[in-house]
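Undergrad: sequence first, predicted coordinates after that:
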Amino acid sequence: GARVMLFERNSGGGGATGLSGGEIYIGGSGGTDAQRAAGFADTTEDFAAYLKAAGGPCGDEAKCDLYAREALDHFGWLKAQGVPYRGNYLPGKHIEPTDDSTLIWSGSEAAVPFCDIARPAPRGHVIRHMGWGGGRPLVDILEAGARAKGVEVVVDARVLALVRDGDRIVGVVVRIDNTPRFVRASKGVVLATGGFVFNEEMRRKHCPETLKLNDPIGDKDDGAGIELGVGAGGEAVHMDQFFTTCPWTMPESHANGVFVNVAGNRFINEDCYHGRVSRCAVDQPGGKVYLLLDNAHFSQPMDFARISIAGTGDSWQEVEAELEMPAGTLSATMAVYNAHAREGRDPLFGKRPPILVPLDQGPFIALELNFATSYFSFFTLGGLHTSIDGEVLDRDGTPVRGLFAAGRCTSGLPAWGHGYSSGLSLADCTFFGRRAGRKVAVSMQHQLD
């Protein structure tokens, strides 16, 4: 029942969502139709437990619990807006489906430690769309639905400031045609402005680890909304957190490889989500890591990944020498790994079959993933602290009256870079964005009553 105006900074809608794969992380309540058809009865308890584990030390338990309870209804809402889903399950390791498949493993659900915390289930639900880039049609469908409901969309409109009256945010100053306009909001303002991956000053201050990387992804994500919210009294939290990934699982056989750092030591169970592996890789010293493969599992990496061949040999000792590592370092790592892999176990990191295989069929190869030159895409995760209803909170946890936020300008479901799962960002922005809109309308109605 509210009148809604949407000020879009670009000449058209979409933002970072329009650049995404259109994947939304959904489960719980016994599972979606696609999950159940594939034999996965995803309980709400398992879903909530995984979300909390994926949030790590930054997780918001209230948001995790609420989303786990209501995600299935949210899936129904998406379908009601006209978002199409084929409904089939695509097994294996995929960054995005290359066809119009729906359900994929999009996180670390089946890997240690997550599989010991919650019963694994695939939860990445991708819009029916051939090839990559399902985010564009997803945004177009949702925007068309919003316009049909009467939302007034103003493009090429950049918000410059929030307007306060007493203790309440009552509007915005927005630049349209190079002219500042003052717009009163009778009910409230919702910020949906993305993260700060393109603001080097903010990254240097809050998220300096990203300075190792050179492939930010987003669209106008300059932190403007976060700064507006902080300036209005809101608190920004977990600003050091970021997502990153290098597409090392393309081709899929590379998922059977072993990662080592420049000292020749493993640091992760390689069967977990490609982004978790990449994020843990960036924590390693030396500016690069190596992906070790044997002849049975090697294929040429994708060109856009910018992954180079650093060493080869007929034995791991020869590879070790080509990488100029001390004798008995990498070769010892692989001797221990292979001995246990033949027994179907990984006592050091918990990697599991079928991805756990010995790498003993020469010749052998080491691929270099260099943080500065390889394609490590990344975006920020920290942002405004919000309630489950999208209210921007101050340092005491009190709502800033009249101000709400959703998506990557907040710290939401995807709060921890080491636990990110594909689809969490779109789940977070669509679900909690809806709640923010409802809260604005209902809270004002109470005032009118």
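TA: That came through, no problem. Residues are numbered from 1 along each chain as shown.

Undergrad: now do stretch 156-167, average pLDDT.
TA: In this model, stretch 156-167 has a mean pLDDT of 97.

Undergrad: equivalent analysis for stretch 26-40, please.
TA: Across stretch 26-40, pLDDT averages out at 98.

Undergrad: could you pull out the buried residues of it?
TA: 26, 27, 28, 29, 31, 32, 34, 35, 38, 40 (16 or more other C-beta atoms under 10 Å). The C-beta positions use only the backbone N, C-alpha and C, and glycine is treated the same way.

Undergrad: can you put those residues in CSV and add secondary structure and distance to residue 306?
TA: Output for these, formatted as CSV (DSSP: H, G, I helix; E, B strand; the rest coil; distance: C-beta to C-beta, whole Å):
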residue, secondary structure, distance to residue 306
26, coil, 33
27, coil, 34
28, coil, 38
29, coil, 42
31, coil, 38
32, coil, 36
34, helix, 34
35, helix, 36
38, coil, 35
40, coil, 36
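
Undergrad: out of the residues you listed, which is nearest to residue 252?
TA: Of all the buried residues of stretch 26-40, residue 252 sits closest to residue 38, with 18.8 Å by C-beta to C-beta.

Undergrad: now the buried residues of stretch 26-40 in TSV, please, with extra columns for distance to residue 244.
TA: Output for the buried residues of stretch 26-40, formatted as TSV (distance: C-beta to C-beta, whole Å):
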residue	distance to residue 244
26	24
27	24
28	28
29	32
31	30
32	29
34	28
35	28
38	29
40	28
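
Undergrad: can you list the buried residues in stretch 309-322?
TA: Buried residues in stretch 309-322 (16+ other C-beta under 10 Å): 310, 311, 313, 316, 317, 318, 319, 320, 321.

Undergrad: check contacts around residue 69.
TA: Listed by C-beta atoms under 8 Å, 6 or more residues apart in numbering, the contact set of residue 69 reads 28, 29, 44, 48.

Undergrad: residues in contact with the first one?
TA: Right, the one you point to is residue 28. By C-beta under 8 Å, 6+ apart, residue 28 lies in contact with 42, 43, 44, 46, 47, 48, 68, 69, 71, 72.

Undergrad: what's it sitting at in phi/psi?
TA: phi 80, psi 170 (degrees, to the nearest 10).

Undergrad: now do the end-to-end distance for stretch 385-402.
TA: One end of stretch 385-402 to the other measures 15 Å (C-alpha to C-alpha, to the nearest Å).

Undergrad: the helices in the stretch 151-300 of the chain, which residues?
TA: 200-206, 224-231, 274-282 (DSSP state H, counting those that start in this stretch).

Undergrad: could you dump those helices to JSON lines with mean neighbour count, distance to residue 245 and mean pLDDT?
TA: As requested, the helices of the stretch 151-300 of the chain are exported to JSON lines (neighbours: other C-beta atoms under 10 Å; distance: least, C-beta to C-beta, whole Å; pLDDT from 0 to 100):
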{"stretch": "helix 200-206", "mean neighbour count": "16", "distance to residue 245": "18", "mean pLDDT": "98"}
{"stretch": "helix 224-231", "mean neighbour count": "22", "distance to residue 245": "23", "mean pLDDT": "98"}
{"stretch": "helix 274-282", "mean neighbour count": "23", "distance to residue 245": "4", "mean pLDDT": "98"}
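
Undergrad: make TSV from these and add distance to residue 419 to it.
TA: Output for these, formatted as TSV (distance: least, C-beta to C-beta, whole Å):
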stretch	distance to residue 419
helix 200-206	19
helix 224-231	21
helix 274-282	7
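
Undergrad: buried sites along the helix or strand hosting residue 427?
TA: Following DSSP states H and E, the helix or strand that holds residue 427 is helix 424-448. Of the residues in helix 424-448, 424-433, 435-437, 439-440, 443-444 count as buried by neighbour count, 16+ other C-beta under 10 Å.

Undergrad: do stretch 44-58 as well
TA: Counting neighbours by 16+ other C-beta under 10 Å, stretch 44-58 gives 44, 46, 47, 48, 49, 50, 51, 52, 53, 54, 55, 58 as buried.

Undergrad: go on, stretch 121-139?
TA: Residues of stretch 121-139 classed as buried by neighbour count (16+ other C-beta under 10 Å): 121-129, 134-139.
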